[in-house]
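>>> predicted structure and sequence below. I'll ask about it afterward.
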Amino acid sequence: MSFSDLFDSEFKQRNKGHFSAIVRVAMADGSIDPEEKLFLDRLGRNLEISAAEYEEILENPLKYPINPPYLHAQRLERLYDLARMVHIDHHLGDKQDQILKKFGLALGFTPGNVNYIVDKALVLVDKKVDLDTFLFEMEHMNK
């Protein structure tokens, strides 16, 4: 296996883990509604998830572990995707909020700041900001 094949393999595994985490959030209320399905379809294409992998992840979203990115900006990008999925559902009940905080911890945010970060992320997503604005606001929230 060449170095580039190894990198591609690890990249694809991270994408599957990320997609799987978002599917778990989407299914937190027991079903995936049409708006969530559209988001998952688009995200699956963007993450280069094949049709077979997509179906496999929908059947068993726990199969792939969450692999937290090393870079803070990449963690924020994944949090953005997860927060958008929670927001799409329009049912920010305790269960989904708790799940999003668990995924925040799994992404590498600390117990001391995860509540603040998740709350700020949900406020920004509620304002329908784009990814660049989200990243800027999250990076500058303490300044």
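Happy to help now that I have it.

>>> hey, which helix is longest across this protein?
For the chain, the helix with the greatest residue count under DSSP state H is helix 3-26.

>>> pLDDT of it, averaged?
When pLDDT is averaged along helix 3-26, the result is 72.

>>> what does stretch 63-78 give?
On average, stretch 63-78 scores 83.

>>> what about residue 37, which helix or strand?
Using DSSP states H and E, residue 37 sits in helix 34-46.

>>> circling back: export the longest helix of the chain as CSV, just CAs?
Taking C-alpha atoms only, helix 3-26 is exported to CSV below (Å, rounded to 0.1, in the frame of the first residue of the first chain):
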residue,chain,number,x,y,z
PHE,A,3,1.6,6.4,1.3
SER,A,4,-1.1,8.1,-0.7
ASP,A,5,-3.4,5.1,-0.4
LEU,A,6,-2.9,5.0,3.3
PHE,A,7,-3.8,8.7,3.5
ASP,A,8,-6.8,8.2,1.3
SER,A,9,-7.9,5.3,3.5
GLU,A,10,-7.6,7.3,6.7
PHE,A,11,-9.4,10.3,5.2
LYS,A,12,-12.3,8.1,4.1
GLN,A,13,-12.5,6.5,7.5
ARG,A,14,-12.6,9.9,9.2
ASN,A,15,-15.4,11.0,6.8
LYS,A,16,-17.4,7.8,7.5
GLY,A,17,-17.0,8.5,11.3
HIS,A,18,-18.1,12.1,10.8
PHE,A,19,-21.1,11.1,8.6
SER,A,20,-22.0,8.3,11.1
ALA,A,21,-22.0,10.9,14.0
ILE,A,22,-24.4,13.1,12.0
VAL,A,23,-26.7,10.2,11.2
ARG,A,24,-26.8,9.4,15.0
VAL,A,25,-27.9,13.0,15.7
ALA,A,26,-30.5,12.8,12.9
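
>>> determine the set of other helices and strands touching it.
Helix 3-26 is packed against helix 34-46, helix 51-59, helix 72-89, helix 94-106, with contacts defined by 3 or more C-beta pairs under 8 Å, 6 or more residues apart in numbering; DSSP states H and E. From N, CA and C alone the C-beta is placed, and that goes for glycine too.

>>> name the residues of the shortest one that come out as buried.
For helix 51-59, the buried set under the neighbour-count rule, 16 or more other C-beta atoms under 10 Å, comprises 53-54, 56-58.
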